[in-house]
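Asker: curious how this folds, go ahead:
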Amino acid sequence: MKQHPFRTAIFWLVPALVLIAVPALGQGLNWEGQTGAFVTPFAYTSASPAGGLGHPQAAFHYLNGGTVVGNDFQLSVTEGLLQRVEVGYTRALQASGDNATLSPLFDGGFNIFHAKVNFLRENAGKQKWVPALAVGFVARTQVRRVGGVLSSQDTNNGDVYLTGTKVLPLKHLPILVNAGVKGTNAALLGIAGNAPDWEARGFGALAFIVSGPGKSKIALGSEIAQQPHYIQNLPQATLPTTLTYFARLIPSSEHPFNLDFGVAQAAGQVLPGADVAARSQFAMGVSYRF
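Answerer: Residues are numbered from 1 along each chain as shown. Next comes the predicted model:
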C-alpha cells in the first residue's frame, strides 16, 4: 500500500470528542463484517440493548487487488445482541484479473461466518485505564484460492482471536489503540487461500478522531496484520505483513452510517518471477445500521 502520512491536525480541546470516539469508530464494519477498522477487529460489538437484539448492520467493501488478483467485493450483515455479542455473515465475491497465468489462482468467492464476545467493557469498574477485551472467531468455507485451485478442491480456514481496544483521552486529540493476537490457517484473510498450518499472528491499529465539516467526525489511522508466511500447496511463495492506511468518515450521530477509504499493502513478489502486484491498492467501504 502506498504510504500516506497521517493527517494529524490538532484542534482545541473538545471533551465531547472523547465521548464520540468509541461510537465513531465502533459502528463501522471491517472487510469481513466485524466491528473494527479496515481489516482488523475491535473489542467493541455492534450496538444492541442489554436484553435483546440490536438493529442489523449491512456493509459493502471493495478492494482493487490489481491486474493479478482482480477486484474483490464483500457483502456483509452483522447483528449485535445483549450489548456484548455480535454475529455475522459475509459473502466474498471476485472479478478476475488480467494475468492469464496467475489470475486463475484467485478466482471464485467464498463464505465468511464470524462471532465475537466482549467479556470486559472499557473503563470497567470506573477504572479509566481498563481496555475493552473480546474474543472471537472467523470461519471461511468453500475457499478455492491458490492452494485450493492447485489441488482442485474447496478448502476451509479460520481464525480465533483475542483483542483489546482503548481510547486514550489525550489533551487535544483522542487516540484509539487496538491490539490483538489470532491463531489462523488462512493466507491473507482467505484471499490467498490456506496456510499450511495454524500459526499465531499479531495485529493492531491506531486511529485519531478529528472534527470534519459540519457535525462530521473523521478517523485517520493505520493497521498492521501479520500473515502466515507460507501458502498451502505453494511452498515457494511467501506473504508479507499487511498494512493499511485508512480514513473513516462519520457524517453525524443522526446518520447511522460511515464511509471508509484506504490503501492496502497486501502482497508483491511472492516468489521469484511472480509478482501479484497488490502493494498499493485502493479500497473503500460503507456500513449502515438499520
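Asker: only the buried residues of stretch 172-185, if you could.
Answerer: For stretch 172-185, a neighbour-count test (16 or more other C-beta atoms under 10 Å) marks 173, 174, 175, 176, 178, 179, 180, 181, 182, 184, 185 as buried. Any C-beta I mention is one placed from the backbone N, CA and C, and that applies to glycine too.
Asker: got TSV for those, with secondary structure, pLDDT and distance to residue 237 too?
Answerer: Shown next, in TSV, are these (DSSP: H, G, I helix; E, B strand; the rest coil; pLDDT from 0 to 100; distance: C-beta to C-beta, whole Å):
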residue	secondary structure	pLDDT	distance to residue 237
173	coil	83	41
174	strand	84	41
175	strand	90	36
176	strand	92	34
178	strand	96	29
179	strand	97	28
180	strand	97	26
181	strand	98	24
182	strand	98	21
184	strand	98	17
185	strand	97	16
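Asker: what about the longest strand in this protein?
Answerer: strand 194-211 (DSSP state E).
Asker: centre of the chain to that one, how far?
Answerer: 8 Å (C-alpha atoms, centre = their mean, to the nearest Å).
Asker: show me where the stretch 51-200 of the chain has helices.
Answerer: Taking DSSP state H, counting those that start in this stretch, the helices of the stretch 51-200 of the chain run over residues 66-69, 147-151.
Asker: for the stretch 151-290 of the chain, give me the ranges with low pLDDT.
Answerer: For the stretch 151-290 of the chain, applying pLDDT under 70 flags the ranges 253-255, 268, 271, 277.
Asker: which of the helices of the stretch 51-200 of the chain sits closest to residue 258?
Answerer: helix 66-69 (25.7 Å; C-beta to C-beta).
Asker: average pLDDT across the closest one?
Answerer: Per-region confidence: helix 66-69 scores 84 on mean pLDDT.
Asker: what's next to that helix, contact-wise?
Answerer: For helix 66-69, the surrounding residues in contact (C-beta atoms under 8 Å, 6 or more residues apart in numbering) are 97-99, 102-103, 106, 191, 266, 275-278, 281.
Asker: in it, what's buried?
Answerer: 66, 68, 69.
Asker: circling back to that earlier point, let's have the helices of the stretch 51-200 of the chain in CSV, adding distance to residue 210.
Answerer: As requested, those are exported to CSV (distance: least, C-beta to C-beta, whole Å):
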stretch, distance to residue 210
helix 66-69, 31
helix 147-151, 43
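Asker: closest to residue 121 out of the ones you listed?
Answerer: helix 66-69 (38.7 Å).
Asker: how far is that closest one from where the chain is centred?
Answerer: 20 Å.
Asker: which SS class is the residue most central in space within the chain?
Answerer: Computing the C-alpha centroid of the chain and ranking residues by C-alpha atoms, centre = their mean puts residue 39 first, at 1.8 Å. Classification of residue 39 using DSSP: H, G, I helix; E, B strand; the rest coil returns coil.
Asker: who are the contact partners of the closest residue to it other than its chain neighbours?
Answerer: Nearest residue to residue 39, sequence neighbours excluded (C-beta to C-beta, 6 or more residues apart in numbering): residue 31, at 4.9 Å. Residues near residue 31 by C-beta under 8 Å, 6+ apart: 38, 39, 61, 63, 74, 189, 283, 285.
Asker: dump the residue contacts of residue 284.
Answerer: 61, 62, 259, 260, 261, 262.
Asker: swap the cut-off to 6 Å and go again
Answerer: 62, 261 (C-beta atoms under 6 Å, 6 or more residues apart in numbering).
Asker: just residue 142 next, same as before
Answerer: Applying C-beta under 6 Å, 6+ apart to residue 142 gives the contacts 110, 111, 154.
Asker: related to what we said a few turns ago, got JSON lines for the buried residues of stretch 172-185, with distance to residue 55 too?
Answerer: Putting those into JSON lines (distance: C-beta to C-beta, whole Å) gives the following:
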{"residue": "173", "distance to residue 55": "30"}
{"residue": "174", "distance to residue 55": "26"}
{"residue": "175", "distance to residue 55": "28"}
{"residue": "176", "distance to residue 55": "23"}
{"residue": "178", "distance to residue 55": "24"}
{"residue": "179", "distance to residue 55": "29"}
{"residue": "180", "distance to residue 55": "26"}
{"residue": "181", "distance to residue 55": "31"}
{"residue": "182", "distance to residue 55": "28"}
{"residue": "184", "distance to residue 55": "30"}
{"residue": "185", "distance to residue 55": "34"}
